[in-house]
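Visitor: need a 3D model of the sequence below.
(one chain, ligands or ions: 2)
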Amino acid sequence: MAKSNYVPLFETKQVKGRLLFRCIAASIFLGICFIVMYRVMFFPVGGKAERWTWIGLFLSELWFCFYWFLTTVSRWNSVYRLPYIQRLSQRFEKELPGIDIFVCTTDPLIEPPSMVVNTVLSVMAYDYPPEKLSIYLSDDGGSDLTFYAMLEAANFSKTWLPFCKKFRVEPTSPEAYFRTASEPLSDAVNVKDWLSVKKLYEETIMRIETSIKLNRIPNHIHKQHKEFREWDFVLSKHDHQTILQILIDGRDSNAVDIEGNPLPTLVYLAREKRPQHHHHFKAGSMNALIRVSSRISNGPIILNVDCDMYSNNSKAIKYSLCLFMDEKKGDEIAYIQFLQSFDNLTKNEIYASSFRVLQQLELHGLDAIGGPCYNGSGCFHRREALCGKKYEKNYKVDWKKVSDTKADESASFLEETCKVLASCTFEHNTTWGKEMGLIYGFLVEDIITGLNIQCKGWKSMYLSPERDGFLGVAPITLLQTLVQHKRWMDGHLQVFLSRYCPLLYGYKKIPLKLRLAYCPYNLWAANCLATLYIVVVPCLCLLKGISLFPKISSPWVFPFAYVAFVHRAYSLNEFLWCGGTFRGWCNDQRMWLFNRTTAYFFALFETILKLLGYSQLNFVVTAKVADKEALKRYDGELIEFGATSPMFDILATLAMLNLFGTFGALKKVILDVDEDLQVLDKFGLQILLCFVFVTINLPVYQALFFRNDNGKMPSSVTYKSIIFAMLACTATMY
Ligand SMILES: O=c1ccn([C@@H]2O[C@H](COP(=O)(O)OP(=O)(O)O[C@H]3O[C@H](CO)[C@@H](O)[C@H](O)[C@H]3O)[C@@H](O)[C@H]2O)c(=O)[nH]1
Ligand SMILES: [Mn+2]
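Guide: Ligands and ions are numbered 1, 2, ... in the order given. Next up is the predicted model:
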């Protein structure tokens, strides 16, 4: 195509409202300067305790300022991308590249195969030529139950794909579709058709769920498929040979749906596992998939989704290709991350799991300065970049050439010869996990891999189409949420303290702004110290009578009030702008506190232990299921405690501490007759701070003292927290 009549496949637009953001940021900065001045000028000359608590508070405040600066850098600019599918179709209809889709699952008990099947079906039904689609499931659980579910999926896809086309189904996950859609009323034939597919789906899921309940494959099915014999050699989840099955061979002319259209390729892989070899969690399974797929379909673009994240927008592949295939800007893109949304959020999101502002604002900010991070699920990769290729100037892809690279051996031959690619020893003495594929040794393999790719000169981009590209499952209980956060924060801090630390590793490779923008995430865990200080010390000082903030009557109160108020008000505004509710924002603030005082604290500890060699990498997979009652409470937006965990001990103790602090202060004001309001004047801000924490903790008190359901705080936690908090108060007062 001639350069002169080049029409871009996508456009980049600036996010509006940046000027307001910058003005507010500047005013907050001014406020911070005054706070620092106050801390220096009014440094207490009196007692030792006064001095040290002052220094501690000052350090915490400096930390928060530094952190605020980092987040401000990443938001300074913000862009979004607007793809034009029409133009893509006109220009490239014949040359569309092959797409390999990787779905990862690891445990049939906490990641139900019926869910995996829905995810797989949803990506099989993309609006894309089926002969160019290949779907690979990595089953790290090595479970015949998951394999059986995939057999059922392969079978049901023959009906589901034509059905999706006929009724323009969206989303293409049958579970999600039938949950929300109602039957088409227009004509009788259609209704019959629609209902029969629904019934077929329900029967399929029923069979899968029965096998799960029995915890084995029913005999008659076992006999039908010789593939199950593979499981005779499986010793356990951690000890088995590679199992590789091409369930649908897209090249086979007999692989057609009920209307005779070709089907996408579908492959099941359980890589070899042996107890003496580390399997590197999801990174290991992705790398095995990269190699196996390179022999079977070798699509130049790879999409990665977790088993709990179904495709919600059948145009997503085409959207991403608009970016990859753009003649001017496409060749430098290594990966395109989609916004991640969640399917099971309640209106006010008690666990703040949607990451609304991060997803809808911050990642757009990163996109403006070099590219978003790779967030694991819902991400399209250029195979070459994922395999370690460096970006070279003037690198150009000839889509015509790469679009036709399928193997021509038979399926059974491929199955046999590819097994070795997924064996435990294949990676020995290679650069897999270091330079090639996803990087090993980190709990956030996605982030580190994305960063490494960017450091090789590639760009990444972010897409957030109006209709969400992917919908996942957010944790359903508080403990699950905290454990997930702990893993992430642990992983991030590990990145920061490793040789991959963005500040150093990215030097001269990625823009300074992008290096700084990675830091707020990397340093998430480090927030816990300053947060714990702010939660504990001002409250104890209140009981002891040490004043840490300016008097209410002094003008110095103004910068504190201004920074706190404007910063939070702006955050609320952002949250609402991103489609959240006021109560959702309050919950978000609560989770901010909960996470920083518990999960982040533990993450910090783990990371340090790991650095010292006392602890090992442990990927705790998030459960995607919960019992019925817990689910009901989740839907009613009641926080689920109901378990013993040191995290809850800390949460409850801190809540009690602030309650005692507030009571103590009230006693002073009311009972000790504060006539000329001296106490209020001197301790006003401190009392207010305690009071804010008490308000945030209201659901904790409720769970400690007033709830009767199974989600309440266990009584042992109640006793412990009261004792600990009383001890702390007594120790400070005397
Ligand atoms: O040994 C393992 C462990 C996990 N997984 C898969 O990894 C995915 C993510 O696990 P999950 O417990 O759901 O973690 P999340 O915290 O929800 O996942 C986010 O964070 C992870 C890093 O912490 C990334 O790996 C994920 O892609 C990202 O979506 C799931 O599909 C698992 O089946 C494996 O394949 N093998
Ligand atoms: Mn997940």
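
Visitor: can you count the residues close to residue 171?
Guide: By the criterion of other Cβ atoms under 10 Å, residue 171 has 25 neighbours. Quick note: C-beta positions are derived from backbone N, CA and C, even for glycine.

Visitor: right, I mislabeled it, should have said residue 11
Guide: Neighbour count for residue 11, taken as other Cβ under 10 Å: 12.

Visitor: and the spatially closest residue to it that is not a sequence neighbour, how many neighbours?
Guide: In space, and not counting its chain neighbours, residue 11 is closest to residue 82: 4.6 Å by Cβ to Cβ, 6 or more residues apart in numbering. Neighbourhood size, residue 82 [other Cβ under 10 Å]: 13.

Visitor: thought residue 9 was touching residue 82, still the case?
Guide: No. Counting by Cβ atoms under 8 Å, residue 82 sits too far from residue 9 to count as a contact (10.0 Å).

Visitor: okay, and the residue nearest to residue 11 sits in which element?
Guide: strand 79-83 (DSSP states H and E).

Visitor: so how far is that strand off the chain centroid?
Guide: 22 Å (Cα atoms, centre = their mean, to the nearest Å).

Visitor: tell me the secondary structure at residue 13.
Guide: Following DSSP: H, G, I helix; E, B strand; the rest coil, residue 13 is assigned to strand.

Visitor: which single residue in this structure comes nearest to ligand 1?
Guide: residue 376 (2.1 Å; Cβ to the nearest ligand atom).

Visitor: can you verify that residue is assigned to a strand?
Guide: No. Assessed with three-state DSSP, residue 376 is coil; it does not lie in a strand.

Visitor: give me phi/psi at it?
Guide: Main-chain dihedrals, residue 376, degrees, to the nearest 10: phi 90, psi -60.

Visitor: quick one, what contacts it?
Guide: Residue 376 makes contacts with 282, 304, 306, 445-446, as judged by Cβ atoms under 8 Å, 6 or more residues apart in numbering.

Visitor: related to what we said a few turns ago, in terms of secondary structure, what does whichever helix or strand comes after the strand holding residue 82 contact?
Guide: Next helix or strand after strand 79-83 toward the C-terminus (DSSP H and E): helix 85-92. Counting contacts by 3 or more Cβ pairs under 8 Å, 6 or more residues apart in numbering; DSSP states H and E, helix 85-92 packs against helix 316-324.

Visitor: with just CA atoms, put the helix it packs on into CSV.
Guide: The C-alpha trace of helix 316-324 is given here as CSV (Å, rounded to 0.1, in the frame of the first residue of the first chain):
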residue,chain,number,x,y,z
ALA,A,316,-11.5,-8.5,21.0
ILE,A,317,-9.2,-10.3,18.6
LYS,A,318,-10.0,-7.9,15.8
TYR,A,319,-9.6,-4.9,18.2
SER,A,320,-6.1,-6.1,19.1
LEU,A,321,-5.2,-6.8,15.5
CYS,A,322,-6.1,-3.2,14.6
LEU,A,323,-3.2,-2.2,16.8
PHE,A,324,-0.7,-5.0,15.9
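
Visitor: how about the contacts made by residue 543?
Guide: By Cβ under 8 Å, 6+ apart, the residues touching residue 543 are 660-661, 664, 729, 732-733.
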